[in-house]
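Q: Next input, structure requested:
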Amino acid sequence: MWEKNGLVKRSTQNPILTPIEDHWWESRLVYNTGAVQLGGRIYLLYRAMGEDHVARFGLGFSDDGINFTRLVYPVFFPETEYETPHSSKINHNRERGGVEDPRLMMVGDTIYVIYTAFHKMCHLAMTKISITKFLNMVDESEKFLEKDLSKEWNSTWKRVGLLFPHLFEVPEMFSRNSVMLQLQKGLHILFYRIHKGDILVSLSSNPEGPWKDKSIPFLTKQLPWEMERIGISTPAIPVSDNGMRKFLLFYHGVEERKTERNLIKVYHLGAFFLSAKIEDKKVVLKTERLKHPVLSPERDYELENEWLLSVGVNAVFSCGAVPVGKDTIYIYYGSGDTNISLGRAFISELLQQEKITEICEIDRTLF
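A: Numbering: from 1, shown residues only. The predicted model follows:
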């Protein structure tokens, strides 16, 4: 059922989701999935690509978190200018545009999704749906599994828009990899990255923003396996450390590794614990970053794929993790940008690892 070694123990059923040749919109790739748990059921909102090289989101659901039922149509697809492929990308032999890398966060009775909108460049965007409407659409979809409800799904989401609209017209500039966390009512924090820089942080009174880019560094490249680039991976999971409230987040670090034939970029999965002290004029964030990756591409299904090898990349890449029980986390990750796999980690084991402690102070008056 589970491998025995490593901080993240892979499911022996990996990969748990693979492309379906008969589904035109997900016939080539399925990967990089967001995850949310509602009523004891786990839902995956996953990135998919078919023969037209346009990214859309599919939906899967499971009672055990391992065996998933998938809808036969996409539930979210390009609609706005910032999501649809630019004319310069139409004949591109890789991704041409669309919606990518969803991260799901619940605030109150709403599911917020931060995703990458790919037009000419990639830019962060947000959409939302009420939990009630989401579950109603799931019920309707299950009643009529063969009926195409993709348009109904796409219209049920309410697009909030680009997180940083001022960047949309900046040549060769892009933003990616973002999650939002409610620290307390009326105070929300956004982790994000612009271009290939560090993980930055912003504050807002509303989960929808507006978000100001003040270029405040939160997590910087320090460790050997994250020096090429770094980015947030999964939304925060509340945990308890000897009675202290913290959050567990996973992030990715990229290492440039020389081989006999070429230079390979290796995407690793790392983790850190976050605690926050909220004052009138500032927010003090304390991070405890694990020194070593918790997951690296090592298995055949993570390595042996022409899609990434052709551009010199090995990757495990997560956008979603959910708690299953008091001490267990299920981590869903894209393996080799080709399929979706599952790993299991224990909070108690992660807390015991060697860490680097850092402090980030945010001036609330800037926002």
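
Q: could you pull out the helices for the stretch 1-150 of the chain?
A: Using DSSP state H, counting those that start in this stretch, the helices of the stretch 1-150 of the chain run over residues 131-143, 150-156.

Q: Can you give the distance from the first one to the centre of its chain?
A: With CA atoms, centre = their mean, to the nearest Å as the basis, the distance from the averaged C-alpha position of helix 131-143 to the chain average is 23 Å.

Q: and the strand or helix carrying Tyr330, which residues are buried?
A: Per DSSP states H and E, Tyr330 falls inside strand 328-335. Buried residues in strand 328-335, counted by 16 or more other CB atoms under 10 Å: 329-335. Heads up, the C-betas are built off the backbone N, CA and C, glycines and all.

Q: Repeat that for stretch 98-106.
A: 98-105.

Q: hmm, back to that, can you redo the helices of the stretch 1-150 of the chain as JSON lines, where the extra columns are distance to Asp64, mean pLDDT and mean neighbour count?
A: Output for those, formatted as JSON lines (distance: least, CB to CB, whole Å; pLDDT from 0 to 100; neighbours: other CB atoms under 10 Å):
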{"stretch": "helix 131-143", "distance to Asp64": "17", "mean pLDDT": "97", "mean neighbour count": "15"}
{"stretch": "helix 150-156", "distance to Asp64": "24", "mean pLDDT": "98", "mean neighbour count": "16"}
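
Q: could you redo those as TSV and give each row distance to Lys258?
A: Formatted as TSV, these follow (distance: least, CB to CB, whole Å):
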stretch	distance to Lys258
helix 131-143	46
helix 150-156	44
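
Q: out of these, which comes closest to Met180?
A: helix 131-143 (16.3 Å; CB to CB).

Q: In what element of secondary structure is the nearest residue to Trp225 once chain neighbours are set aside found?
A: Spatial nearest neighbour of Trp225, chain neighbours left out: Glu255 (4.4 Å); criterion: CB to CB, 6 or more residues apart in numbering. Element membership of Glu255, judged by DSSP H and E, is strand 244-258.

Q: give me the number of residues near Leu145?
A: Residues lying near Leu145 (other CB atoms under 10 Å) number 11.

Q: OK, contacts around it?
A: 71-72 (CB atoms under 8 Å, 6 or more residues apart in numbering).

Q: try 10 Å
A: 69-72 (CB atoms under 10 Å, 6 or more residues apart in numbering).

Q: Show the buried residues in the residues you listed.
A: Buried among those by 16+ other CB under 10 Å: 70-72.

Q: Among these, which one lies nearest to Gln182?
A: Leu71 (29.1 Å).

Q: Not including adjacent chain positions, what is the nearest residue to the closest one?
A: Nearest one to Leu71, counting by CB to CB, 6+ apart, is Leu59 at 5.0 Å.

Q: who's the one you found bridged to?
A: Leu45 (DSSP bridges).

Q: Next one: it from Leu167, what distance?
A: Note on Leu59: its distance to Leu167, by CB to CB, to the nearest Å, is 29 Å.

Q: Show me which of those two is the more surrounded one.
A: When Leu59 is set against Leu167 and neighbours are counted by other CB under 10 Å, the residue ahead is Leu59, at 22 against 17.

Q: looking at it, the more buried one is touching Arg41, isn't it?
A: No - counting by CB atoms under 10 Å, Arg41 is not a contact partner of Leu59; they are 11.9 Å apart.

Q: what do those two both touch?
A: What both Leu59 and Arg41 touch, as defined by CB under 10 Å, 6+ apart, is the set Val138.

Q: Phi and psi next, for the nearest residue to Asp148 once chain neighbours are set aside.
A: Distances taken as CB to CB, 6+ apart put Tyr73 closest to Asp148, at 4.9 Å, once the chain neighbours are dropped. Dihedral pair for Tyr73: phi -140, psi 160, per degrees, to the nearest 10.

Q: tell me the contacts of Tyr73?
A: 23-26, 56, 58-59, 141, 146-151, 153-154.

Q: Can you give me the buried ones in stretch 316-328?
A: 316-322.

Q: And it, how far out from the chain middle?
A: Worked out by CA atoms, centre = their mean, stretch 316-328 lies 12 Å from the chain centre.

Q: and Phe247, how many residues sit next to it?
A: There are 17 residues near Phe247, going by other CB under 10 Å.

Q: Which residue is the nearest non-sequential neighbour of it?
A: Phe247's closest residue in space is Ala236 (CB to CB, 6+ apart), at 3.9 Å.

Q: so how far is Ile340 from the residue nearest to Leu71?
A: Using CB to CB, which is the criterion applied here, Leu59 is 13 Å from Ile340.

Q: okay, and the common contacts of these two?
A: What both Leu59 and Ile340 touch, as defined by CB under 10 Å, 6+ apart, is the set 33, 44, 46, 68.

Q: List only buried entries from the residues you listed.
A: 33, 44, 46, 68.

Q: In contact with the closest residue to the last one other than its chain neighbours, which residues are there?
A: What it means is Phe68. Excluding its sequence neighbours, the residue lying closest to Phe68 (CB to CB, 6+ apart) is Gly60, at 3.8 Å. Neighbour list for Gly60: 16-17, 30, 33, 35, 42-46, 67-71, 332, 340 [criterion: CB under 10 Å, 6+ apart].

Q: Could you do Ile359 as well?
A: 277, 284-287.

Q: Please confirm that Cys319 is located within a helix.
A: No - under DSSP: H, G, I helix; E, B strand; the rest coil, Cys319 sits outside any helix and is assigned strand.

Q: And it, how far from Glu152?
A: 24 Å.

Q: doesn't Lys286 make contact with Thr357?
A: Yes - Thr357 is within contact range of Lys286, at 6.9 Å (criterion: CB under 10 Å).

Q: Redo the buried residues of stretch 98-106 as CSV? Include pLDDT and distance to Ile362.
A: As requested, the buried residues of stretch 98-106 are exported to CSV (pLDDT from 0 to 100; distance: CB to CB, whole Å):
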residue, pLDDT, distance to Ile362
Gly98, 97, 33
Val99, 98, 30
Glu100, 98, 28
Asp101, 98, 25
Pro102, 98, 26
Arg103, 98, 21
Leu104, 98, 24
Met105, 98, 19
